[in-house]
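Chemist: Here's my sequence, what's the structure:
(one chain, ligands or ions: 1)
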Amino acid sequence: MSQYMFPPINFTGHHDVIFDLVKLLDCNRYLELGIDKGELIHKISQVVPNCYGVDIADNRTIKDVKYTFLNKSTNEFFDSNKDRFDIIFIDADHNIKACRRDFENALKCINNDGIILIHDVDPMTPKYSNRWFCYDSYKIIDYIEQKHKELNYINLPITVAGLLIVTQKNNDTYIVNDPMNLILDIVRLTNCTKYLELCIGTGDLIDKISDVVKNCTGLDNNDNRMKTNNKYNFINGSIDDFFLNISEKFDIIFINSCQDDFENSLKCLSFGGIILIPVSNSLIQYIEQKQLNYVKLAGLLFVTRKNETRVDTWKN
Ligand SMILES: C[S@@+](CC[C@H](N)C(=O)[O-])C[C@H]1O[C@@H](n2cnc3c(N)ncnc32)[C@H](O)[C@@H]1O
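Modeler: Presented below is the predicted three-dimensional model:
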């Protein structure tokens, strides 16, 4: 443990992403398995009416709370639970057997359009997979891949630990709220170094992203930018021409243009990179044929290639 910084930088970065998700999806019922100090569930209970936190220990630092605390093991909780939830965050015992059990139990009580989140499934290097940190819960990804074809998932390589988002295939959320904060937090916490946006419109999003990512490129046929601050590389031209000449790879690509640009974008996506694109059924069919991972969230598809987690770079 003493060989590396603990806690690591941005250790609680997943709190920001989960907070963005509960707001974006208008979550009404939230369950967290393993709350530790209770910082995350406390914050979430300010915006979600019904929150439940389960923990075998009581390490809470804030006791004046708006959520229901259940001081028991996750097994004991599921043995008697009859409620259903919109978002379930699994972060208790990180041993794969316990993680699998929590996951199977969570599936039984997640609402149809709900999402299950699992923390610590993508330890950046083997040192983070020790039993006091992420342990071997990363094996849940292969488990879901083999046993749960009815589910969609993507790994977000955020912070040193990773966050898995799992939905039902027929999950059908639509845009109610603006996903800008979620996208900004994902870009920031995945240490994205190269960002590409196709059809930037007024440039609001890329403008904010260029505050945290040094190398940003935005394309548009028209120039409708509100600000021209030169923090990002703006190409006022055709997307087809751009792809003809490009040899660079990008960590995150936001496609605001048409789905025909998906294939070219995939070619210039870096290892473990993420594509964001508005939902379309024909594109989903294409993505499934290509055997890519995706989830549908708030009107956007989040797409990654299979077998490109950080664990895939060191596990064999
Ligand atoms: C990593 S901490 C949770 C951190 C918190 N979710 C967050 O994001 O800040 C893991 C917690 O899981 C609890 N835990 C471990 N095994 C458990 C089990 N079988 N049932 C319930 N809680 C458990 C521990 O007591 C600890 O507080």
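Chemist: For the residue in the stretch 151-300 of the chain positioned nearest to the ligand, give me the pLDDT.
Modeler: Taking CB to the nearest ligand atom as the measure, the stretch 151-300 of the chain has A161 as its residue closest to the ligand, at 9.4 Å. Yep, even glycine has a C-beta here, placed from its N, CA and C like the rest. For A161, the pLDDT comes out at 94.
Chemist: How about F11?
Modeler: 79.
Chemist: Just give the closest residue to it, not the sequence neighbours.
Modeler: Distances taken as CB to CB, 6 or more residues apart in numbering put T159 closest to F11, at 6.6 Å, once the chain neighbours are dropped.
Chemist: quick one: the one you found and N10 touch, right?
Modeler: Yes - here T159 reaches N10: they are 4.6 Å apart, a contact under CB atoms under 8 Å.
Chemist: how about the strands in this protein?
Modeler: 29-33, 50-54, 68-70, 85-90, 110-119, 151-156, 163-168, 194-198, 215-219, 233-235, 250-255, 269-278, 293-297, 300-304 (DSSP state E).
Chemist: In a markdown table, list those along with mean neighbour count and distance to V187.
Modeler: Formatted as a markdown table, the strands of the chain follow (neighbours: other CB atoms under 10 Å; distance: least, CB to CB, whole Å):
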| stretch | mean neighbour count | distance to V187 |
| --- | --- | --- |
| strand 29-33 | 26 | 24 |
| strand 50-54 | 22 | 27 |
| strand 68-70 | 16 | 34 |
| strand 85-90 | 24 | 21 |
| strand 110-119 | 21 | 18 |
| strand 151-156 | 22 | 11 |
| strand 163-168 | 23 | 14 |
| strand 194-198 | 23 | 6 |
| strand 215-219 | 22 | 9 |
| strand 233-235 | 16 | 16 |
| strand 250-255 | 24 | 6 |
| strand 269-278 | 20 | 9 |
| strand 293-297 | 22 | 15 |
| strand 300-304 | 22 | 12 |
